[in-house]
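A.B. asks: Give me a 3D structure for the following:
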Amino acid sequence: MEKKEKDKYEKMAKIIKATAHPSRLFIIEKLKEKSHCVQELTAMIGADISTVSKHLAVLKKEKIVSSEKRGNCVFYHLRCGCILEIYYCILNVIKENDQEVFENITK
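C.D. replies: Numbering: from 1, shown residues only. The predicted structure is shown next:
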């Protein structure tokens, strides 16, 4: 593998790794709908604010999300909505391999 190819795959792997957590996937899905402040995301996830902030920092480091301060709140938005397409593909793989599991997780 050439250096240029290796660099490409390493960057892709970093982005996949940054999204590879249930809470981060949830955050991405919610941010696809609209921008949310940290407090809103914290309430939706049911975790403490420091944990949600750490998840957002991981996503922001890989430029998956960006933030904007409005008054006392920091709002986050998704920079590229197509990021979820790979995860919809994964759901299709689950469906193809185990219909019962797919039905249980998508109800």
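
A.B. asks: Give the buried residues for the helix or strand harbouring residue 50.
C.D. replies: Taking DSSP states H and E as the definition, residue 50 sits inside helix 49-61. Within helix 49-61, the residues that count as buried by 16 or more other Cβ atoms under 10 Å are 52, 55-56, 58-60. In short, each C-beta sits where N, CA and C put it, glycine included.

A.B. asks: which residues in the protein form strands?
C.D. replies: Under the criterion DSSP state E, the chain contains strands at 36-37, 65-70, 73-78.

A.B. asks: among the ones you listed, which is the most enclosed?
C.D. replies: Highest mean neighbour count of these: strand 36-37, a mean of 18 (counted as mean count of other Cβ atoms under 10 Å).

A.B. asks: hang on, the earlier thing: would TSV of the strands of the chain with distance to residue 30 and mean pLDDT be doable?
C.D. replies: Output for the strands of the chain, formatted as TSV (distance: least, Cβ to Cβ, whole Å; pLDDT from 0 to 100):
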stretch	distance to residue 30	mean pLDDT
strand 36-37	6	96
strand 65-70	11	94
strand 73-78	9	95
